[in-house]
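Chemist: with the sequence up front, the predicted model follows.
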Amino acid sequence: MMPWGHLGFGYVLYTLYVHAVYRRSPADVPTLVLVFATQFPDLVDKPLAWGLQLLPSGRSLAHSLFVAAAVIALVAVVASRRGYPEVGPAFAIGYLSHLLGDSYRALLAGQFYEVSFLLWPLYPITEPDDVDEVLTDLTTLTFGPELVFTLVVGLGVFALWLADGRPGLGILTSVTRGFRGRLAVLFD
């Protein structure tokens, strides 16, 4: 799954959770944490595997359910102690939705060997991924039914985010205003 797919899938699951549990739209801080968490496994594994070659695959360490459980628990405890109890579930949903997004096709097809990364290092990586393969996927996108479906789903998720009141945007806007103000002082 591409980064925007992870983001969209995670956001849909998170907004459904928030509406069901809290009966309101998602809040700013947990939504930004969710956005980060939907990308977290790739932000850890891809550079360590592809760039530094310290991991056997771009889906290994942070894609392991063992590591996910430990990191999610740590984030939940720290966030709760600091007065942000909604951050833990947001991080967990984002992280776990990423793992599900990377594995659902193989799991539904019964190709369990394809998802050995979920139990790494207990089970070895069967076939390391290749950065060239990912780049080829990105550069050979063709306009067809799959891309149209992706765009329609993306627009649906965007509409859902708008309907939720654009959570997270307020914080990002204030941060960029503050950054622009600091730059203006430097260059005046």
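Modeler: Everything's here; your move.
Chemist: burial of A159, as a residue count?
Modeler: 10 (other Cβ atoms under 10 Å). All C-beta atoms are positioned from the backbone trio N, CA, C, and that covers glycine.
Chemist: any idea which element it lies in?
Modeler: helix 145-163 (DSSP states H and E).
Chemist: what's next to that helix, contact-wise?
Modeler: Defining contact as Cβ atoms under 8 Å, 6 or more residues apart in numbering, one finds that helix 145-163 is touched by W4, G5, G8, Y11, V12, T15, S25, L141, P167.
Chemist: now that helix: buried residues?
Modeler: Burial within helix 145-163, assessed by neighbour count using 16 or more other Cβ atoms under 10 Å, is assigned to V157, W161.
Chemist: CA atoms only for that helix - export them in PDB, please.
Modeler: Provided in PDB are the C-alpha atoms of helix 145-163 (Å, rounded to 0.1, in the frame of the first residue of the first chain):
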ATOM      1  CA  PRO A 145      -9.800   1.200 -13.200                       C
ATOM      2  CA  GLU A 146      -7.500   0.800 -10.300                       C
ATOM      3  CA  LEU A 147      -6.200   4.300 -10.300                       C
ATOM      4  CA  VAL A 148      -9.800   5.700 -10.800                       C
ATOM      5  CA  PHE A 149     -10.900   3.600  -7.800                       C
ATOM      6  CA  THR A 150      -8.000   4.900  -5.800                       C
ATOM      7  CA  LEU A 151      -8.900   8.500  -6.700                       C
ATOM      8  CA  VAL A 152     -12.600   8.100  -5.900                       C
ATOM      9  CA  VAL A 153     -11.700   6.500  -2.500                       C
ATOM     10  CA  GLY A 154      -9.200   9.300  -1.800                       C
ATOM     11  CA  LEU A 155     -11.900  11.900  -2.600                       C
ATOM     12  CA  GLY A 156     -14.300  10.100  -0.300                       C
ATOM     13  CA  VAL A 157     -11.700  10.200   2.600                       C
ATOM     14  CA  PHE A 158     -11.000  13.800   1.900                       C
ATOM     15  CA  ALA A 159     -14.800  14.600   2.100                       C
ATOM     16  CA  LEU A 160     -15.000  12.600   5.300                       C
ATOM     17  CA  TRP A 161     -12.100  14.700   6.700                       C
ATOM     18  CA  LEU A 162     -13.800  17.900   5.700                       C
ATOM     19  CA  ALA A 163     -17.100  16.700   7.300                       C
END
